[in-house]
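Colleague: Fold the stuff below for me.
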Amino acid sequence: MTGTVLRAQGGVYEVETADGVVEATLRGRVKREERSGDRVVVGDSVEVEPAGAGWTIERVHERRTELVRRAPGKAPRAKVIVANVDQVLIVFAAANPTPHLRMLDRFLVICESSGLEPRIVVNKVDRVAPGEAQALFAPYERAGYPVLYTAAKQGVGVDELRGIICGRTSALTGPSGVGKSSLLNAVQPGLGLRVAAISEAVNKGRHTTVTAQLLPLECGGYVADTPGLRELGLWGVDPDELDTYFPEFEPHLGTCRYTSSCTHTHEPGCSVRAAVDAGEVDAGRYESYRRMWSGEDEEWGT
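Modeller: Just a heads-up that it's a prediction; the model follows:
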C-alpha cells in the first residue's frame, strides 16, 4: 500500500494511506540500503505492509525533490529537511528576532540549486514602522522573488498565504522564533501547533516545532512545518555554479572580460561587480555571494 510520511520520530513513522494513518517502522532491508541523506524523511512516498500488530515500510520511492542542508557538526554530511514539496516558503520576521539576511540568501541558493520554487514570507510586520520591512526586503523583490508581508496575530496577509499553499505541497522553513507555527494556526485554526514565546534575552527563538511534520490542509494539499534553524550550511552546491543561483546576476553573466573563468570576486572587467557599483545589483546580496563563494560563511559540502 502506498502512503506519504507525515511525521518521523524515534524510528517510528506516521504514514498517511488511502485507509487512514498508520504507524510503521523500517524493514531491516530498507535500513541497510545506502542512499544520500536520510533513509526516510517527512514527505517521502513509501510502500507499507502489515507486519504482526503493526506496519513496516518496505520501500521508499524516488524523491521528486529534496530540501537539503548541511547537517550541523564537524563531519560533512547531508541533512534532508523534507522531500517531494512543490514550493518552499522561507519565513523571516521583520523584528524579534532581527532578520539575518545572509541566512535568507543561503536558503534561496539551496532552493535555486534544488529546483524548488522559493517564496519569502516576512512575518511580524506589525513590530516595525510602516514600510520598514518592505524597504529591507526590496532587493529580493527586485531580484524577482515573491515577497508576502504578514502579521499572524492580526491576520495580515493570512488569506493570501492560504491561497498560496492550498492545493499544493509546501514547506514552511526559516529561523527559530519567526512565527511559522503561528502562521499555520492562522491559516487553519485548530491545527493544534504549540507556539512558544521568544527569548528576548538572547534574541533567538525557542524551537517550538521539534520535528518536521507534514500537515494535511482542509483546503487541499499539505504543508510541512519544519523545526526552526539557527544555522544553515549549503550542501551539494558547486561554487563554480553559484553565480547562476543569484537571478539578478543573470543579465550580466557572459559579458565579463574573462567570460568563462570570471568568479565575480576580483577580476578586472567583471560585469557583475560593475552592476553592483552602478546600483543595479544589491551590494548586500553581492556580499553574500562573495562570502559563500570564498567559504567565509561556511564550508562547502561534498
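Colleague: where does the stretch 151-300 of the chain dip in pLDDT?
Modeller: For the stretch 151-300 of the chain, residues meeting the criterion pLDDT under 70 lie at 192-211, 228-231, 297-300.
Colleague: could you pull out the strands for it?
Modeller: Assigned by DSSP state E, counting those that start in this stretch, the strands in the stretch 151-300 of the chain fall at 169-173, 213-216, 222-225.
Colleague: what's the second one in contact with?
Modeller: The set of residues that contact strand 213-216 without belonging to it, under C-beta atoms under 8 Å, 6 or more residues apart in numbering, is 4-7, 16, 42-43, 82, 169, 184, 191, 222-225. Yep, even glycine has a C-beta here, placed from its N, CA and C like the rest.
Colleague: that older thread, mean neighbour count and distance to Gly233 added to the strands of the stretch 151-300 of the chain, as TSV?
Modeller: Shown next, in TSV, are the strands of the stretch 151-300 of the chain (neighbours: other C-beta atoms under 10 Å; distance: least, C-beta to C-beta, whole Å):
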stretch	mean neighbour count	distance to Gly233
strand 169-173	26	14
strand 213-216	21	23
strand 222-225	25	20
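Colleague: Can I get those in TSV including distance to Ser288?
Modeller: Output for the strands of the stretch 151-300 of the chain, formatted as TSV (distance: least, C-beta to C-beta, whole Å):
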stretch	distance to Ser288
strand 169-173	18
strand 213-216	30
strand 222-225	25
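Colleague: rewinding a little: and the contacts of strand 213-216, which is closest to Tyr258?
Modeller: The nearest member of the contacts of strand 213-216 to Tyr258, counting by C-beta to C-beta, is Val82 at 39.3 Å.
Colleague: Looking at the strands of the stretch 151-300 of the chain, spot the one closest to Arg69.
Modeller: strand 169-173 (9.3 Å).
Colleague: Paired strands for that closest one, with orientation please.
Modeller: strand 87-93 (parallel), strand 222-225 (parallel) (DSSP bridges).
Colleague: Any idea how far it is from the middle of the chain?
Modeller: A distance of 7 Å separates the centroid of the chain from that of strand 169-173, by C-alpha atoms, centre = their mean, to the nearest Å.
Colleague: got a list of contacts for it?
Modeller: 43, 67, 81-82, 84-91, 107, 121, 164, 180, 183-184, 214, 221-226, 229.
Colleague: Write a ChimeraX command that selects only the buried members of these.
Modeller: Applying 16 or more other C-beta atoms under 10 Å to the contacts of strand 169-173, the buried members can be selected in ChimeraX as follows:
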select :43,67,81,82,84,85,86,87,88,89,90,91,107,121,164,180,183,184,214,222,223,224,225,226,229
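Colleague: which parts of stretch 247-267 are buried?
Modeller: Buried, per 16+ other C-beta under 10 Å, within stretch 247-267: Glu248, Phe249, His252, Cys256, Cys262, Thr263, His264.
Colleague: Ok, stretch 225-238 next?
Modeller: Buried residues in stretch 225-238, counted by 16+ other C-beta under 10 Å: Asp225, Thr226, Pro227, Gly228, Leu229, Leu232, Gly233, Leu234, Trp235, Gly236, Val237.
Colleague: cool, and stretch 133-153?
Modeller: 133, 136-137, 139-140, 143, 145, 147-153.
Colleague: Next, the angle strand 169-173 makes with the longest helix along the chain.
Modeller: If you go by DSSP state H, the chain has its longest helix at helix 101-114. The directions of helix 101-114 and strand 169-173 differ by 150 degrees, with axes from the mean of the first three to the mean of the last three C-alpha atoms, to 10 degrees as the criterion.
Colleague: What is helix 101-114 packed up against?
Modeller: strand 66-70, strand 87-93, strand 117-123, helix 283-294 (3 or more C-beta pairs under 8 Å, 6 or more residues apart in numbering; DSSP states H and E).
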